[in-house]
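Trainee: Quick one, what's the 3D model for this:
(one chain, ligands or ions: 2)
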Amino acid sequence: MALLEGENLTKSFGGVLAVDDVSFSIDRGESVGLIGPNGAGKSTLFRLITGVHEPTEGHIFLDGDEITGKDSHDICHRGLVKTHQIVRPFEHMTLLENATVGAEFGGRDVDDPREKAYESLEFVSLDHLAHTEPDELSVGALKRLEIARVLATDPDVMLFDEVAGGLDTDETEAIVDLIGDIKESGKTIFLIDHVMRALMSVSERVFVLDNGQLIARGSPEEIQNNQRVIEAYLGTSAGRDHDATGPVAGD
Ligand SMILES: Nc1ncnc2c1ncn2[C@@H]1O[C@H](COP(=O)(O)OP(=O)(O)OP(=O)(O)O)[C@@H](O)[C@H]1O
Ligand SMILES: [Mg+2]
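Mentor: Ligands and ions are numbered 1, 2, ... in the order given. Prediction:
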């Protein structure tokens, strides 16, 4: 049964049609990847889902309830959260305090936010650094802290926007394993990444956005062999496993 649904979603910014009549459905426990060229509208689609932007047209449903136009905080309370494309932890707080903010202010019925935060740090293998501040962390560890912050909210659905962007091979491997563990724990996952190996290995299905429109959806194998997708994206970008340009403010 569908846990997350988008119906005819459209978002225009002045003359730019960033998301153009996109409909999709993701079942509970599924992991779905979202790919497409730079500027295709991927992050904008995620921002519509998480309430950062209100769609110009269309509807979003979470577990059957309409969440269109609700604010991010309300959507987080209902169990849907997103990691940021650029990670910005609170610098003068420890890792544990950073994760506790997620549990306290984003979470739902979290009895002991500090305990939940600590568990989340354990899950991402950062518990040994719980009482240190984030300024010394590698990019990979910062990404894992961002995942811990989001996990501490006890979500049902997790959206990852380029969580493997900018990571080296080992760090990417660690993130892929971590997303696999998160999936095993029963969460529903929707993720954007330009690192094709990573995305294809954790996704059961893949959606392709080009120019705001969903041009294909299918298994990773089907997508990798889809002529239209190869022309729009894979043929030029996938082989390079490139990182994307930075996010738009308000992410
Ligand atoms: N807040 C905004 N105001 C105006 N235009 C925007 C805004 N956010 C996104 N856009 C435009 O919408 C289009 C889609 O951008 P978006 O960031 O969603 O693409 P993306 O697929 O995430 O790209 P990337 O792979 O580079 O992260 C682009 O043309 C972008 O310039
Ligand atoms: Mg983006």
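Trainee: neighbours around the closest residue in space to Ile35 that isn't next to it in sequence, how many?
Mentor: Nearest non-adjacent residue to Ile35, counting by C-beta to C-beta, 6 or more residues apart in numbering: Val208, 5.5 Å away. No exception for glycine: its C-beta is placed from N, CA and C like everyone else's. Val208: 24 surrounding residues under other C-beta atoms under 10 Å.
Trainee: Verify the contact between Val208 and Val229 for me.
Mentor: Yes: Val208 is in contact with Val229 according to C-beta atoms under 8 Å; the separation is 5.0 Å.
Trainee: which residues are in contact with both of the two?
Mentor: Shared contacts of Val208 and Val229, defined by C-beta atoms under 8 Å, 6 or more residues apart in numbering, are found at 215-216, 223.
Trainee: Can you tell me which of the residues you listed is nearest ligand 1?
Mentor: Nearest to ligand 1 among those, counting by C-beta to the nearest ligand atom, is Ile215 at 12.9 Å.
Trainee: For that closest one, what is the enclosing helix or strand?
Mentor: Applying DSSP states H and E as the criterion places Ile215 in strand 213-218.
Trainee: Contacts for that strand, please.
Mentor: The contact list for strand 213-218, computed with C-beta under 8 Å, 6+ apart, reads 20-24, 205-209, 222-223, 226, 228-229, 232.
Trainee: How about stretch 17-29, which residues are buried there?
Mentor: 17-20, 22, 24, 26 (16 or more other C-beta atoms under 10 Å).
Trainee: picking up where we left off before, ok, so of the shared contacts of Val208 and Val229, who is nearest His194?
Mentor: Ile223 (14.1 Å; C-beta to C-beta).
Trainee: Which residues are in contact with the closest one?
Mentor: Counting by C-beta under 8 Å, 6+ apart, Ile223 touches 35, 200, 206, 208, 216-217, 229, 234.
Trainee: For it, report the pLDDT, please.
Mentor: Note on Ile223: pLDDT of 95.
Trainee: That one: which element?
Mentor: helix 220-224.
Trainee: and that helix, how far out from the chain's middle?
Mentor: 20 Å (C-alpha atoms, centre = their mean, to the nearest Å).
Trainee: Using PDB, write out the CA atom coordinates for that helix.
Mentor: The C-alpha trace of helix 220-224 is given here as PDB (Å, rounded to 0.1, in the frame of the first residue of the first chain):
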ATOM      1  CA  PRO A 220      17.800  -0.200 -11.800                       C
ATOM      2  CA  GLU A 221      18.400  -2.600 -14.700                       C
ATOM      3  CA  GLU A 222      15.500  -1.300 -16.800                       C
ATOM      4  CA  ILE A 223      16.600   2.300 -16.200                       C
ATOM      5  CA  GLN A 224      20.200   1.600 -17.100                       C
END
